[in-house]
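1. Structure for this input, please:
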Amino acid sequence: MSKSKPMAFPWQRPCCYFSVNTFIIGHGLLTGRWTISEEDTNNDGQPDVQTTRTLDEHGRVTKAEFIDRNAPQNNKTVVVEYDRLGRVTRLEYQSQVRPNTTVYEYDIRDRLMKETSTTKISDTVSSTVIANHQLGAGGFIASTTVKDSSGKLREVRQFTKFGMPKSTVNYDDSGRVFQEEQIHYDRHQRETRRQIRQFNFHDASNQNRLIRETIEETVYRANSLRPVSFSGTEHQEVEPTPGQFRWIIAEQVTTTYPPKGIGIERFERRSYSPTVSGDPVEFAHRVTETRYDDQRRTVEIVDTNSNTQTGESKTAKTRYFYGLINITTVDMGQDGVVDEENISVVDEQGRVVSSRDGAPDDGPFKNRQTLRYNDDGELSERRIYENDSTKPARVIRFR
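-> Residues are numbered from 1 along each chain as shown. This next block holds a predicted model:
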């Protein structure tokens, strides 16, 4: 089999508008060198779910078929077409629910210029959205205009002269703005400020009102891409009584980063909800502290989370022992007693070879799994055990 230079998928390009279906990404349908994946969901020796991939002479996936013998309504097929340069020109996702086809067009300098996505909503209704990219003086994408099949404007994106996103404006069916985003950079092209504003048309006042605003700011170390701190504040408009509006805080987020990536990174988030009178009251508080060693590796994560609305109050601690074992413990009531524990064993290459979830020490274990790899280092088998059983509930093989 001959080899060709790998090409980035269009959805991996910075200017690409449409994201690829999560099923394709989640199941790794377009990556790796395997051709058949089989899953025995009840461990009776017969595969219940099978994925078959067809590769062309260059090792690129041209077709992937996902067959669920117990639930045929979940069957899916992905078809990929390439041009002579190895670029994806058409991606078809066949499914009983919202099948979709996306067509990609490039110019002679390998720039993605147009994307057309059609989704089948029902037997009689389909939706087509077209994204056209416009070039700037430096050859980078300067803007993207998105319209539906009727020509109605849906979104406009603007980029800096270096091709970095600068602003986005979204429009509703009536042509009104319902969201806009602005991004600011310093002279080193580091993002320093992001503002997101959401609008909603208020029938009583006949106004397109600002209902939510988020402002995020990042401070960097001198002449470095390494940040010192990040802060984000979200405000929202509430209407405690008809015609009376209040602008209140909804969320605050801060992150401080250790110098040179060594030490403790601290994340904190406070969430608020309005009372009947419109006053903000804190209902959730989360603090996550991540500790890095002198090699900038994560060695411990302590996550504390409390929520008065759900009654949740817990602390999860994860410790990493490189080349040996990783341990996560969860204290559900913050009483100092470990209620749940996850242990993952990794090999010398850092790959997980086994893991288990459940009560500390001897269980019972809710979920265990073992993983095997082939000579090329790719995953070849996954065995999943449930409810403390010694017999695998599911076996997934790749070949």
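2. Report the buried residues of stretch 224-239.
-> Neighbour counts using 16 or more other CB atoms under 10 Å place Pro227, Gly232, Glu234, His235, Gln236, Glu237, Val238 of stretch 224-239 among the buried residues. Using the backbone N, CA and C atoms, a C-beta is placed for each residue, glycine as well.
3. Look up the closest residue to the fourth one, ignoring the ones flanking it.
-> Yep, that's His235 we're talking about. Closest residue to His235 apart from its sequence neighbours, by CB to CB, 6 or more residues apart in numbering: Glu213 at 5.3 Å.
4. who's in contact with the nearest residue to Glu386 once chain neighbours are set aside?
-> Using CB to CB, 6+ apart and skipping the chain neighbours, the partner closest in space to Glu386 is Ala393 (4.4 Å). If you count contacts by CB atoms under 8 Å, 6 or more residues apart in numbering, Ala393 has them with Thr41, Asn42, Asn43, Ile384, Tyr385, Glu386.
5. Quick check: bridge partners of the fifth one?
-> Put plainly, it is Tyr385. According to DSSP bridges, the partner residues bridging Tyr385 are Arg368.
6. residues in contact with it?
-> Tyr385 neighbours (CB under 8 Å, 6+ apart): Phe365, Asn367, Arg368, Gln369, Lys391, Pro392, Ala393.
7. Try it again at 7 Å.
-> The neighbours of Tyr385, taking CB atoms under 7 Å, 6 or more residues apart in numbering as the test, are Arg368, Gln369, Pro392, Ala393.
8. mind listing the helices for this structure?
-> For the chain, applying DSSP state H gives helices covering 22-26.
9. for it, what helix or strand is lowest in average pLDDT?
-> Every helix and strand of the chain was ranked by mean pLDDT, DSSP states H and E. The lowest is strand 325-331, at a mean of 72.
10. hmm, who's touching it?
-> Looking at what lies outside strand 325-331 - CB under 7 Å, 6+ apart - the contacts are 314-320, 337-346.
11. again with stretch 61-73
-> Applying CB under 7 Å, 6+ apart, the set of residues contacting stretch 61-73 is 29-30, 48-56, 74-80, 96.
12. And the pLDDT for Gln295?
-> For Gln295, the pLDDT comes out at 88.
13. Could you measure from it over to Arg212?
-> From Gln295 across to Arg212, the span is 41 Å (CB to CB, to the nearest Å).
14. picking that back up, show me which of the contacts of stretch 61-73 are buried.
-> Leu29, Leu30, Asp48, Val49, Thr51, Arg53, Lys76, Val78, Val79, Val80.
15. between those residues, which is closest to Thr192?
-> Within the buried ones among the contacts of stretch 61-73, proximity to Thr192 (CB to CB) peaks at Leu30, which comes in at 35.6 Å.
16. Ile24 is in contact with the closest one, correct?
-> Yes: with contacts counted by CB atoms under 7 Å, Leu30 reaches Ile24, the gap being 6.4 Å.
17. any chance of the buried residues of stretch 224-239 in JSON lines, plus distance to Arg109 and pLDDT?
-> Shown next, in JSON lines, are the buried residues of stretch 224-239 (distance: CB to CB, whole Å; pLDDT from 0 to 100):
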{"residue": "Pro227", "distance to Arg109": "34", "pLDDT": "95"}
{"residue": "Gly232", "distance to Arg109": "38", "pLDDT": "98"}
{"residue": "Glu234", "distance to Arg109": "41", "pLDDT": "98"}
{"residue": "His235", "distance to Arg109": "44", "pLDDT": "98"}
{"residue": "Gln236", "distance to Arg109": "45", "pLDDT": "97"}
{"residue": "Glu237", "distance to Arg109": "46", "pLDDT": "96"}
{"residue": "Val238", "distance to Arg109": "51", "pLDDT": "95"}
